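Asker: Structure for this input, please:
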Amino acid sequence: HSGDQAETIDMRLARGSGLRGLAGIAPLRQYQGALFARPFLSFGKQQLTQLCHQLEGEYVTDPSNQNRVFERVRWRQTLAKAPQLAGQLQRLSTASQQLGHQQDAAVQNWIDKKVSFVARLSASCPYSVFAELPPEHRAAILAGLLKICGHYEFAPTPAAVDAVVARLEAGQASTLAGCRIAIRQGGLRVEAEYGRHPADMLSLQGGEVQFFDGRWMVWARGGGQVRRLGDMGLSAEARRQLILPKALSGLPYRLQVMIPVLQTLDDSYIPPHLMSNSWSADSGLSGFCPENWKSEMHSFVIWQAPIDGAVRLSVSQRNPE
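Answerer: Numbers count the residues shown, from 1 in each chain. This next block holds a predicted model:
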């Protein structure tokens, strides 16, 4: 509710958070393939309690809400002494969210026009196009690419990104946020690094959809275990026998090792069928629709998961009320 939002922003303000932190709790947030909604951020606690009484609904009072051991409780008690401050923090949150979304939209627009991706494993663009941008724009775009290819919810710190940009200008490669960043053949290349961000084995039941390795939604007709190709321990000959999707087969081996593979209950290894579309807040759930494709043709299907982070709905999708 609005009290939680004010407390969150107050804590982050005290820590010197930037635009992203001061936006506070996101009303909509994508996390591991699922969309989380917090519809009560504009409501006060007393309003929600009153509503529960009117509807004869039960609610829980957490005793830790009065325990000053917790930082949030101390901020809550401080805010209670300055009622006007909560409203000011809410306005700061709204302004920060709007500015952050505008910046994200500008960065994404540039990336959509200039950057080529292979899944979320590799991103590239002409370095001359990247280098002509103002320093702060280069840092924002590189942070966006690292977030995508490194499958992190939050981009690296500005200081860390600035250091990478400086190394690129000096012709030096860098590693950051699970990625390797370098200039190759006149192009800026950001690639996920195998082993930097290990992926746990996933037990998959037949017919269910799950989230894997920060990048993929996966589905299998039968049960089995999903792991990265490089984690399977296959011989070079066994790897050659796996027919990878056309969009991924041309990747260098250092990236192929990160492709999900299904090990069935009878110890068969099944490469994935890659679907090109994926879920987004603007397009709806189009990445997985069994009625629209013949699942009997494929035993193991993968598609790109939505990127973790705050989500902003387009105007047309908002409730007109």
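Asker: which element follows the strand or helix carrying Leu89 toward the C-terminus?
Answerer: Element membership of Leu89 [criterion: DSSP states H and E] is helix 83-114. Moving toward the C-terminus from helix 83-114, the next helix or strand (DSSP H and E) is strand 116-118.
Asker: Other residues contacting that following strand?
Answerer: For strand 116-118, the surrounding residues in contact (C-beta atoms under 8 Å, 6 or more residues apart in numbering) are 123-125, 148, 247-248, 251, 255. (C-beta placed from N, C-alpha, C; glycine too.)
Asker: Between these, which sits nearest Ala173?
Answerer: Proximity of the contacts of strand 116-118 to Ala173 (C-beta to C-beta) peaks at Ser124, which lies at 13.9 Å.
Asker: ok, Leu265 - contacts?
Answerer: Each residue near Leu265 by C-beta under 8 Å, 6+ apart is listed here: 222-224.
Asker: mind checking how far it is from Ile259?
Answerer: 21 Å (C-beta to C-beta, to the nearest Å).
Asker: Where do the helices of the stretch 1-150 of the chain begin and end?
Answerer: 2-14, 19-22, 45-54, 71-80, 83-114, 127-131, 135-149 (DSSP state H, counting those that start in this stretch).
Asker: among those helices, which is nearest Asp162?
Answerer: Nearest to Asp162, of all those, is helix 135-149, at 5.7 Å by C-beta to C-beta.
Asker: OK, contacts around Met201?
Answerer: 225-227, 231.
Asker: okay, it: pLDDT?
Answerer: Per-residue pLDDT puts Met201 at 94.
Asker: And Gly284, by the same measure?
Answerer: Taking Gly284 on its own, its pLDDT is 39.
Asker: which among the contacts of Met201 end up buried?
Answerer: Those of these that meet the buried threshold are 226-227, 231, by 16 or more other C-beta atoms under 10 Å.
Asker: Tell me, how many residues neighbour the residue nearest to Asn65 when sequence neighbours are not counted?
Answerer: Distances taken as C-beta to C-beta, 6 or more residues apart in numbering place Val73 nearest to Asn65, at 6.4 Å, with adjacent residues excluded. As a burial measure, Val73 scores 15 neighbours (other C-beta atoms under 10 Å).
Asker: got a list of what Val73 touches?
Answerer: Taking C-beta under 8 Å, 6+ apart as the test, what Val73 contacts is 64-67.
Asker: follow-up on the earlier one: could you save the contacts of Met201 as TSV and add columns showing secondary structure and pLDDT?
Answerer: As requested, the contacts of Met201 are exported to TSV (DSSP: H, G, I helix; E, B strand; the rest coil; pLDDT from 0 to 100):
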residue	secondary structure	pLDDT
Gln225	strand	96
Val226	strand	97
Arg227	strand	96
Asp231	helix	94
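Asker: ok so, going back, what mean pLDDT does the helix holding Leu89 get?
Answerer: Computed over helix 83-114, the average pLDDT equals 89.
Asker: For that helix, which helices and strands make contact with it?
Answerer: In terms of contacts (3 or more C-beta pairs under 8 Å, 6 or more residues apart in numbering; DSSP states H and E), helix 83-114 is packed against helix 2-14, helix 19-22, helix 71-80, strand 122-126, helix 135-149, strand 309-310.
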